[in-house]
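*Asks:* no sequence for this one, just the structure:
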């Protein structure tokens with residue numbers, strides 16, 4: 001449950017417009033801010049795990065890689081590799097395509113660039129407040 005002071009702080013941080021008898025947040029701004037934060041959190045969590053980071057580095061170092069190649073390189077079970085690949089894909093860091101019985105994964109550099117720019121924007125906002 002969100003307290004009144006947390007709601008007030010949130011309204012102040014995003015900007016609000018006076019409508020009728022109460023404050024109403026700018027809905028478009030709120031939706032965009034929440035989506036950006038969720039995406040940043042998802043990518044941060046995906047890269048925070050050492051195994052996932054190593055898997056992402058391996059995939060990024062070549063054009064594409066399948067699960068079998070990752071298992072051979074990382075000395076991890078196929079189920080564990082699949083789990084980590086799923087999290088990386090959900091974060092948008094890798095793209096997968098099926099070819100027969102194999103699933104090939106490749107890095108999505110645009111997602112990493114967007115992540116870096118969003119982090120820079122967050123840091124710039126914080127500096128402005130100080």
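*Replies:* Alright, I've got the coordinates. Predicted model, so just to flag it, every value in this text is computed and none were measured. Residues are numbered from 1 along each chain as shown.
*Asks:* give me the below-cutoff pLDDT ranges for the chain.
*Replies:* Regions of the chain meeting the criterion pLDDT under 70 cover residues 1-35, 126-130.
*Asks:* and the strands in it?
*Replies:* For the chain, strands defined by DSSP state E occupy the ranges 16-19, 22-25, 65-66, 94-99, 102-107.
*Asks:* and the angle from the fourth one to strand 102-107?
*Replies:* So that's strand 94-99. Angle, strand 94-99 to strand 102-107, by axes from the mean of the first three to the mean of the last three CA atoms, to 10 degrees: 160 degrees.
*Asks:* packing partners of strand 94-99?
*Replies:* In terms of contacts (3 or more CB pairs under 8 Å, 6 or more residues apart in numbering; DSSP states H and E), strand 94-99 is packed against helix 78-90, strand 102-107. (Each C-beta comes from the backbone N, C-alpha and C, glycine too.)
*Asks:* relative to residue 43, which of these is closest?
*Replies:* Ranking the helices and strands packed on strand 94-99 by proximity to residue 43 (CB to CB) places helix 78-90 first, at 9.3 Å.
*Asks:* which strands or helices does that closest one pack on?
*Replies:* Secondary-structure packing of helix 78-90 (3+ CB pairs under 8 Å, 6+ apart): helix 27-48, helix 50-60, helix 67-74, strand 94-99, strand 102-107.
*Asks:* closest to residue 125 out of the helices and strands packed on strand 94-99?
*Replies:* Of all the helices and strands packed on strand 94-99, helix 78-90 sits nearest to residue 125, with 26.1 Å by CB to CB.
*Asks:* and the angle for the closest one with helix 50-60?
*Replies:* 70 degrees.
*Asks:* what does helix 78-90 contact?
*Replies:* Contact partners of helix 78-90, identified using CB atoms under 8 Å, 6 or more residues apart in numbering, comprise 42, 45-46, 49, 51-52, 55-56, 59, 67-68, 70-71, 74, 94-96, 105.
*Asks:* mind listing what's buried in that helix?
*Replies:* Buried residues in helix 78-90, counted by 16 or more other CB atoms under 10 Å: 81, 84, 85, 87, 88, 89.
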